[in-house]
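> Sharing a model that was predicted from the sequence below.
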Amino acid sequence: MATEVATLTRELEDFARERGADLFGVADLRTASDLNVPRTGPGADLPLAVSLAMCLNDTIVDEHDPDEGHRQSLYWHHVYGVVTPALDTLAHDVSRWLADRRFRAVPVPGSSPYDMERLEGVFSHKFAAHLAGVGWIGKNCLLLTRRFGPRVRLVTVLTDAPLEAGSTMDRRCGRCRECVNACPVDALNGTEFRADQPREFRFDAFKCSEYRREHSCGLCVAACPVGSHRKRRA
């Protein structure tokens, strides 16, 4: 049975990478609290999450003007007009692959249905990826990956397929405050992530959202030294 599980997981990862996934992992959501993975709607009872990531273009991240409005911003278009839809297509393909093998599978959109009052999605792609071992959550409240740092976008497929789940990657930012110092509205306070604490302990989502109504920003992504183009070329 263990061999069959490992084989199915490897075959699914190969399929996902062939269709553009840069990172792949599986999370067991039964180990998560409702604080971190609130779920409603189709697939809310499914125990596993297939976490998929695509990296962002380094040159666009590094050289974009964070003060640009959305309509003028290549960065905004790249993140939300190109990579996010590509992830949704990838999640759809992965769901079909699983369904063809008679497993239940539900793709959760990269920009999932949103609670505008709380400024949060119905599902935490970041925390699922953290549980899967794809990365850890940094002081910028973004998923940090070894290879790409926070320069990724995420999507998730919920499933009951017998897959091999990864383990949580627990790392810390230490003394680094590059993202905190870069934030133009002081939305980050430099507190390390803790799974038992609400987002408000480390991040003011309302300050961030208000600023991003008029600016493409992305400074917390560009400032992070983890996985930056400079580090990868060193």
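Great, that's in hand.

> CA only for contacts and neighbour counts going forward, please
Will do.

> Lowest average confidence across helices and strands of the chain, where is it?
The least trusted helix or strand in the chain, going by mean pLDDT, DSSP states H and E, turns out to be helix 229-233, with a mean of 49.

> Quick one: low-confidence residue ranges for this structure.
Across the chain, the stretches falling below the confidence threshold (pLDDT under 70) are 33-39, 112-115, 119, 228-234.

> Which stretches in it count as strands?
Taking DSSP state E as the criterion, the chain carries its strands at 23-28, 48-55, 105-108, 114-115, 120-121, 136-137, 143-144, 152-159.

> Hmm, residue 186 is touching residue 180, no?
Yes - between residue 186 and residue 180 there is a contact under Cα atoms under 8 Å: 7.0 Å.

> Leaving out chain neighbours, which residue sits closest to residue 43?
For residue 43, ignoring the flanking residues on the chain, the nearest one in space by Cα to Cα, 6 or more residues apart in numbering is residue 106 at 5.9 Å.

> Count the residues that sit near the one you found.
Burial of residue 106 is recorded as 22 neighbouring residues (other Cα atoms under 10 Å).

> now swap in residue 8 and tell me
Using other Cα under 10 Å, the number of residues around residue 8 comes to 17.

> same question, residue 79
20.

> and the gap between it and residue 61?
Computed as Cα to Cα, to the nearest Å, the residue 79 to residue 61 distance reads 9 Å.

> Also residue 184?
Residue 184 is 17 Å from residue 61, by Cα to Cα.

> Residue 205 now?
Using Cα to Cα, residue 205 is found at 21 Å from residue 61.

> For the two, indicate the residue with more neighbours.
Between residue 205 and residue 61, counted using other Cα under 10 Å, residue 61 has the larger neighbour count: 24 against 16.

> List the contacts of residue 145.
Residues in contact with residue 145, defined by Cα atoms under 8 Å, 6 or more residues apart in numbering, are 134, 135, 136, 226, 227.

> Setting aside sequence neighbours, what's the nearest residue to residue 162?
Distances taken as Cα to Cα, 6+ apart put residue 5 closest to residue 162, at 5.8 Å, once the chain neighbours are dropped.

> from memory that neighbour sits against residue 12, does it?
No - if you go by Cα under 8 Å, residue 5 and residue 12 don't touch, sitting 10.7 Å apart.

> Pick out whichever of those two has more residues nearby.
Relative neighbour count places residue 12 above the other of residue 5 and residue 12, with 18 against 15, counting by other Cα under 10 Å.

> what number of residues lie near the nearest residue to residue 203 once chain neighbours are set aside?
Ranked by Cα to Cα, 6+ apart and with sequence neighbours excluded, the top spatial neighbour of residue 203 is residue 188, at 4.9 Å. Applying other Cα under 10 Å, we find 25 residues neighbouring residue 188.

> got the contact list for residue 188?
Residue 188 makes contact with 139, 140, 179, 180, 202, 203, 204 under the criterion Cα under 8 Å, 6+ apart.
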